[in-house]
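Student: Give me a 3D structure for the following:
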Amino acid sequence: MFRPRRRRSIFDIFDEIIREFEERISEFEEEMEKAFKEKISREEFRGPYVYGLRITIGPDGIPRVEEFGNISRERRGKPLIREEMEPLVDVIERDDEVWVIADVPGVSREDIDVRVTEREVTIKAYSSERKYYKTIDLPVEVNPETAKASYRNGVLEIKIKKKKGGGEGGKGFKVTVE
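Tutor: The predicted model follows:
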C-alpha cells in the first residue's frame with residue numbers, strides 16, 4: 001500500500017534546531033567552565049570573553065549554525081580562547097557585486113585592514129581595546145581591484161564587483177576604508 005510521505009512542518013525544523021542548539025550550549029558550557037578555571041588560574045588571558053551563535057536557513061532550506069566571538073573549538077573539541085574576536089559577518093551576493101558586512105565596533109577607521117583576493121576577504125582590526133580577525137570565503141570569484149570599503153557606526157561594509165574574465169591571484173589587494 002502506498003503511503004504519502006509526511007512533510008515536515010516548519011515547527012518540526014525549528015524544534016530540531018532548538019534541540020541541537022541546547023545540546024551544543026550545554027556541552028560548551030561544561031567545556032568552558034573547565035577551560036576558564038585553567039586559564040584564569042594561570043592568568044593567561046583576562047577577557048573579555050565573547051561567544052555567540054547565529055542560526056540561518058539558506059535558500060536550500062538547510063539550517064546553518066555559525067559561531068562568532070573569541071572562543072572557538074580546537075580540533076579535539078576543547079575550547080580555544082583567543083585575544084582576537086571573530087566578528088559577525090554577512091555575505092550578500094547581488095547581480096554584479098558581492099557585499100561583505102561585518103560588525104567591528106570599538107575600533108577606528110585607521111585601525112582596520114582589509115585584504116581582498118579573488119576568493120576571500122580578510123578583515124583585521126586592532127585597537128588598544130579591541131582586536132578582530134576573520135577570513136571570509138566568497139561565494140563567487142571577484143575582481144579584487146574593484147573593492148571599496150566604508151565604516152560607519154561599528155559596521156564595515158565591503159563591496160566587490162564579480163569577476164568577468166581572467167585575473168591574478170596572490171596575496172590580495174589592500175583596500176582603503178573610507
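Student: tell me the pLDDT at the nearest residue to Gly154 once chain neighbours are set aside?
Tutor: Computed as Cβ to Cβ, 6 or more residues apart in numbering, the closest residue to Gly154 that is not its neighbour in sequence is Pro105, at 3.2 Å. C-beta: built from backbone N, CA, C; applies to glycine. As predicted, Pro105 sits at a pLDDT of 90.
Student: repeat for Ile101
Tutor: Reported pLDDT for Ile101: 95.
Student: name the element the nearest residue to it once chain neighbours are set aside belongs to?
Tutor: Using Cβ to Cβ, 6+ apart and skipping the chain neighbours, the partner closest in space to Ile101 is Asp90 (4.7 Å). Using DSSP states H and E, Asp90 falls within strand 89-93.
Student: Flag every buried residue along that strand.
Tutor: Residues of strand 89-93 classed as buried by neighbour count (16 or more other Cβ atoms under 10 Å): Val89.
Student: for it, packing partners?
Tutor: Packing partners of strand 89-93 (3 or more Cβ pairs under 8 Å, 6 or more residues apart in numbering; DSSP states H and E): strand 97-103, strand 131-137.
Student: let's see 6 Å
Tutor: Contacts defined by 3 or more Cβ pairs under 6 Å, 6 or more residues apart in numbering; DSSP states H and E place strand 89-93 against strand 97-103.
Student: buried sites along the strand it packs on?
Tutor: For strand 97-103, by 16+ other Cβ under 10 Å, it's Val98, Val100, Ala102.
Student: which one of those is nearest Lys163?
Tutor: Minimum distance to Lys163 across those is 9.9 Å, recorded for Val98 (Cβ to Cβ).
Student: Specify the beta-bridge partners of the closest one.
Tutor: Glu93, Ile160 (DSSP bridges).
Student: With the one 4 residues further on instead?
Tutor: With beta bridges defined as DSSP bridges, Ala102 has these partners: Val89, Leu156.
Student: can you tell me which residues contact it?
Tutor: Pro87, Val89, Ile123, Leu156 (Cβ atoms under 6 Å, 6 or more residues apart in numbering).
Student: Just the buried ones from these, in PyMOL syntax?
Tutor: Per 16+ other Cβ under 10 Å, the buried members of the contacts of Ala102 correspond to this PyMOL selection:
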select buried, resi 87+89+123+156
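Student: Can you tell me the closest non-neighbouring residue to Lys124?
Tutor: Asp113 (4.3 Å).
Student: Longest strand in the protein, please.
Tutor: Scanning the chain for the strand with the most residues, using DSSP state E, yields strand 63-73.
Student: which helices and strands does that strand pack with?
Tutor: strand 51-57, strand 79-86.
Student: what angle sits between the shortest one and strand 89-93?
Tutor: Angle, strand 51-57 to strand 89-93, by axes from the mean of the first three to the mean of the last three Cα atoms, to 10 degrees: 20 degrees.
Student: Thank you, goodbye.
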